[in-house]
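A.B. asks: A structural model of the following input is requested.
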Amino acid sequence: MTITKRLVLTDLPPEILLHIIGYADSARFLRCVALTCRTLNKLVTLEGWKTFTLTNFPSFKTPPYWKEAAHALTTLSRNFDRRGFIARPYPPATATIHTLPDCNVRDHLRMWEPQGQTMGYQPVLDSYEEWLGKRWNDRKEVVAWGAGAELIVKVTDWGDNMVDKQQRNVKKNRGRFGNTDTGPEWLTYKHPQHSHGRDDITTLSLLRPEQIARPSSSDQSVFAIVGRANGELRQLRLAKGVSDCAVRTYATQNMPVRSADITTGASPLLLACLGDSRAALYHVNADEGRVNPVSETTCTSGTERACRSWTTKFLSQTTVAIGRGTTKYPVVVYQVAPDGITGEPIRRFGTGKGLSEGLATSVYPIVKIPSSSSMGNSEGQEFFSGGYDGLIR
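C.D. replies: Coordinates of the predicted model:
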């Protein structure tokens, strides 16, 4: 009689097990695998959560806290699939607001209401997260948006068990969210000479931590590049007690700032679309207080007299896309370098079959596809555009 050994799952090599884990469709499944035995628990702890996160969410750049990252990203993905979100008015009634540049403090932020004729609301918003410790919750979240001529910034430090403190605070305040001691820090900026409708914020870019030339290592200010309809384009330093917020001014010849974007990395470039057709390139952290463009170009041709630029998006460190309209080629791509931008576009995208010349339309949003995405290619080669004709290309 021949006795054959019964194979079990743990007899498989770790490489095969991790390959199987890559097909897991939920974090719950992986947790159940980890509860099976000590061998699988060790494998899931050391490599399983990492494999699951990188396989299911390849476009997200997360710190190596894989179990917490898997939980957070699957929760976010499930909420997107179910269209399940919780909305609350911001800032909450119990928030303390630090106003700049007068450095005053007020109990709550008045709701911004249009005063007379305005240019209409433009959804100007930017955000980022910075990890400061060795845990998933040791991070700082910065969110900023424009409300007419006023800039609003929310800074949340999630460290020191802030979530637990806020939950206790909710019970203490009978459901009111926020607290002056444990809640987010709120900052607003509006120069006394700015008025809604005339000086509205039209573009906003937050500088990431690696892009900031801080006065000192202890400085925790928020740095932002803000463009306005009045032609003002400035880099601002926002923090409690800072009265002189303007760090640099970028010369625009008083032309309205239609859109702007910055590159990633420690030495960012800024490309701003000014007026209807002018595009200007700047060094973000130039030494001088007033920064002149290193290069300029015109992003419309002589035959496109009714065309104007609407949006700007860096596709990579060396290419930038500009959405325009109304024209049969609403997206043009330029080559950029620290010493300038090409005078003519290196690529034009139309609305016809094969993105050739078609019907005239306008393109407003442009979103690049990360190269780490499963549908992405090399950096800067693929992106989405949203047209006024209702089509996403």
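
A.B. asks: what are the phi and psi values at Gly275?
C.D. replies: Torsion angles at Gly275 (phi, psi; degrees, to the nearest 10) stand at phi 60, psi -150.

A.B. asks: which residue, other than its chain neighbours, is closest to it?
C.D. replies: With sequence-adjacent residues excluded and distances taken as CB to CB, 6 or more residues apart in numbering, Gly275 is closest to Met255, at 4.1 Å. Heads up, the C-betas are built off the backbone N, CA and C, glycines and all.

A.B. asks: so what's the one you found up against?
C.D. replies: Met255 is in contact with 231, 274-275, 278, counting by CB atoms under 8 Å, 6 or more residues apart in numbering.

A.B. asks: of those residues, closest to Val155?
C.D. replies: Nearest to Val155 among those is Gly231, at 28.7 Å by CB to CB.

A.B. asks: next, the residue nearest to Gly275: phi, psi?
C.D. replies: According to degrees, to the nearest 10, Met255 has phi -90, psi 140.

A.B. asks: do you know how far it is from Leu270?
C.D. replies: 15 Å (CB to CB, to the nearest Å).

A.B. asks: likewise Thr252?
C.D. replies: Counting by CB to CB, the gap from Thr252 to Leu270 is 11 Å.

A.B. asks: these two: which is more packed in?
C.D. replies: Between Thr252 and Leu270, counted using other CB atoms under 10 Å, the more crowded position is Leu270 (25 against 22).

A.B. asks: now do the contacts for the more buried one.
C.D. replies: Going by CB under 8 Å, 6+ apart, Leu270 touches 205, 225, 250, 260-262, 281-284.

A.B. asks: from those residues, which land in strands?
C.D. replies: Within the contacts of Leu270, residues falling in strands by DSSP state E are 205, 225, 250, 260-262, 281-283.

A.B. asks: on that earlier part again, among the contacts of Met255, who's most crowded?
C.D. replies: Leu274 (25 neighbours).

A.B. asks: these two touch, right, that residue and Asn254?
C.D. replies: No - with contact defined as CB atoms under 8 Å, Leu274 does not reach Asn254; the gap is 9.3 Å.

A.B. asks: okay, and the common contacts of the two?
C.D. replies: Gly231.

A.B. asks: hang on, the earlier thing: need the ones in strands among the contacts of Leu270 in CSV (columns: distance to Leu151, neighbour count and pLDDT).
C.D. replies: As requested, the ones in strands among the contacts of Leu270 are exported to CSV (distance: CB to CB, whole Å; neighbours: other CB atoms under 10 Å; pLDDT from 0 to 100):
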residue, distance to Leu151, neighbour count, pLDDT
Ser205, 12, 22, 95
Ile225, 11, 26, 96
Tyr250, 16, 24, 96
Ala260, 14, 24, 95
Asp261, 17, 22, 96
Ile262, 17, 21, 95
Leu281, 24, 21, 96
Tyr282, 20, 25, 96
His283, 23, 19, 95
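
A.B. asks: next, count neighbours for Ala337.
C.D. replies: With other CB under 10 Å as criterion, Ala337 counts 13.

A.B. asks: so who does it touch?
C.D. replies: Thr318.

A.B. asks: how about Val242?
C.D. replies: The contact partners of Val242, by CB under 8 Å, 6+ apart, come to 100-101, 103, 221.

A.B. asks: can you do 7 Å?
C.D. replies: Under the criterion of CB atoms under 7 Å, 6 or more residues apart in numbering, the neighbours of Val242 are 100, 221.

A.B. asks: that one sits in which helix or strand?
C.D. replies: Using DSSP states H and E, Val242 falls within no helix or strand.

A.B. asks: still on that earlier bit, what is the nearest of the contacts of Met255 to Glu129?
C.D. replies: Using CB to CB, the contacts of Met255 come closest to Glu129 at Leu274, 31.2 Å.

A.B. asks: tell me if I'm right that the closest one and Ser259 touch.
C.D. replies: No - counting by CB atoms under 7 Å, Leu274 stays clear of Ser259, with 9.5 Å between them.

A.B. asks: distance of Gly231 relative to Ser77?
C.D. replies: Distance from Gly231 to Ser77, by CB to CB: 42 Å.

A.B. asks: hmm, I typed the wrong one, I wanted Gly358.
C.D. replies: Gly358 is 35 Å from Ser77, by CB to CB.

A.B. asks: nice, that's everything, thank you.
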